[in-house]
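A.B. asks: Return a 3D structure for these sequence lines:
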Amino acid sequence: MIKAIFFDIDGTLVSFKTHRIPESATQALARLRRKGIKLFIATGRHPLGVDNLGSEQFDGYIYMNGGLCRLGDRIIYRNPLDHDSVERLIDALADTDISCVFDTEDAWYVNRITDRVRAMNEMIAVDIPIIDFELLRGVPIYQITPYLSSSEAWRVLQHMPEVKQTRWCEPIFDINPLNGGKGHAIGQVARHMGIDISQTMAFGDGGNDVDMIRSAGWGVAMDNATDELKAAADYITSSIDDDGIARAIEHFESLGIL
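C.D. replies: Okay, the predicted model is just below:
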């Protein structure tokens, strides 16, 4: 029996079109709570960027692709990037036109505003403050998000070879510790809850959800998911705009898994 479910936000629980959780998903989440199933958010967003969940409350949150895990009111796990790797990138960025978001535990910043930054901020409905990234030297950084396409990613990764990169859409990707990721993070949460990871379920749609889908007891891909994620999933549901969360939950209820 599933005891905990983890949901990605953008394109999974929240529509890119409406920036809201559909009513059908809200009703399905309420039904799961009544059954005693714990519900979690697992997102690449910084805590300050998790502002599109309406009145929904969750039992815990995985932020920055596993960089920070909160269970109730407690931070149970922190996993920042290697300090030397971050310093190398800051050194290199001084002579480039590359824009990157830097996530600390308490804030997030972008080093320069470009058309790509404006377009992505509009798509996910966020506004990230600008900062001179020299001010971030010595500060623990949990995630870096360069605004670079797949063919351009080498411009950053050549300075940080010992990291994990995941991409959930063009033209941005996330940089996390090599031992990080949502899959590792849900294992940390399960351990603190005292449950086996086989008793978990995860929903996702992007490249940064792949290891979570593979790690969970049951992995669900949205219909709008990447091909890689669909291949890793145990079940593919419809898109979030076509009641995908509710349809998947009804499916697993009919099987007696939920």
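A.B. asks: In this structure Arg137 contacts Leu89, no?
C.D. replies: No. Arg137 lies out of contact with Leu89 (Cβ atoms under 8 Å); the separation is 11.0 Å. All C-beta spots, glycine's among them, are computed from the backbone N, C-alpha and C.
A.B. asks: And the two? Which one has more around it.
C.D. replies: Each of Arg137 and Leu89 has its neighbours counted (other Cβ atoms under 10 Å); Leu89 has more, 24 against 12.
A.B. asks: elements contacting the strand or helix carrying the more buried one?
C.D. replies: Using DSSP states H and E, Leu89 sits within helix 83-93. The helices and strands touching helix 83-93, judged by 3 or more Cβ pairs under 8 Å, 6 or more residues apart in numbering; DSSP states H and E, number zero.
A.B. asks: If you count neighbours, what's buried in that helix?
C.D. replies: Neighbour counts over helix 83-93 (16 or more other Cβ atoms under 10 Å) mark Ser85, Val86, Leu89, Ile90, Leu93 as buried.
A.B. asks: do you know how far Asn79 is from Ser198?
C.D. replies: According to Cβ to Cβ, to the nearest Å, Asn79 stands 23 Å off from Ser198.
A.B. asks: correction: Asn176
C.D. replies: Asn176 is 24 Å from Ser198, by Cβ to Cβ.
A.B. asks: Settle it for me: which of the two has more neighbours?
C.D. replies: Neighbours per residue, other Cβ under 10 Å: of Asn176 and Ser198, the larger number sits with Asn176, 28 against 11.
A.B. asks: give me every residue that touches the more buried one.
C.D. replies: Asn176 is in contact with Met64, Asn65, Gly66, Gly67, Asn79, Leu81, Tyr142, Gln143, Val163, Lys164, Gln165, Thr166, counting by Cβ atoms under 8 Å, 6 or more residues apart in numbering.
A.B. asks: Just those: which are in strands?
C.D. replies: Residues of the contacts of Asn176 located in strands (DSSP state E): Gln143, Val163, Lys164, Gln165, Thr166.
A.B. asks: The last one bridge partners, please.
C.D. replies: On DSSP bridges, the residues paired with Thr166 through beta bridges are Asp174.
A.B. asks: Just the pLDDT for it.
C.D. replies: pLDDT for Thr166: 90.
A.B. asks: Spit out the contact partners of it.
C.D. replies: Contacts of Thr166 were listed using Cβ under 8 Å, 6+ apart, and they are Gly44, Asn65, Phe173, Asp174, Asn176, Gly181, Gly206, Gly207, Asn208, Val210.
A.B. asks: and the gap between it and Asp132?
C.D. replies: Distance, Thr166 to Asp132, by Cβ to Cβ: 27 Å.
A.B. asks: same thing with the first one?
C.D. replies: Plainly put, Gln143 is 19 Å away from Asp132 if you go by Cβ to Cβ.
A.B. asks: Who has more neighbours out of these two?
C.D. replies: More crowded of Gln143 and Asp132, by other Cβ under 10 Å: Gln143, with 26 against 9.
A.B. asks: show me the contacts for that one.
C.D. replies: Contacts of Gln143 by Cβ under 8 Å, 6+ apart are Gly44, His46, Met64, Asn65, Gly67, Leu81, Val101, Phe102, Asp103, Asp174, Ile175, Asn176.
A.B. asks: how close does the residue nearest to Phe133 when sequence neighbours are not counted get to Ile76?
C.D. replies: The shortest distance from Phe133 to any non-neighbouring residue, by Cβ to Cβ, 6 or more residues apart in numbering, is to Asn111 (4.3 Å). Distance of Asn111 to Ile76, given as Cβ to Cβ: 30 Å.
A.B. asks: repeat for His83
C.D. replies: 22 Å.
A.B. asks: And Ile90, by the same measure?
C.D. replies: If you go by Cβ to Cβ, the gap between Ile90 and Ile76 works out to 29 Å.
A.B. asks: Could you do Arg116 as well?
C.D. replies: Using Cβ to Cβ, Arg116 is found at 34 Å from Ile76.
A.B. asks: likewise Thr12?
C.D. replies: Distance from Thr12 to Ile76, by Cβ to Cβ: 23 Å.
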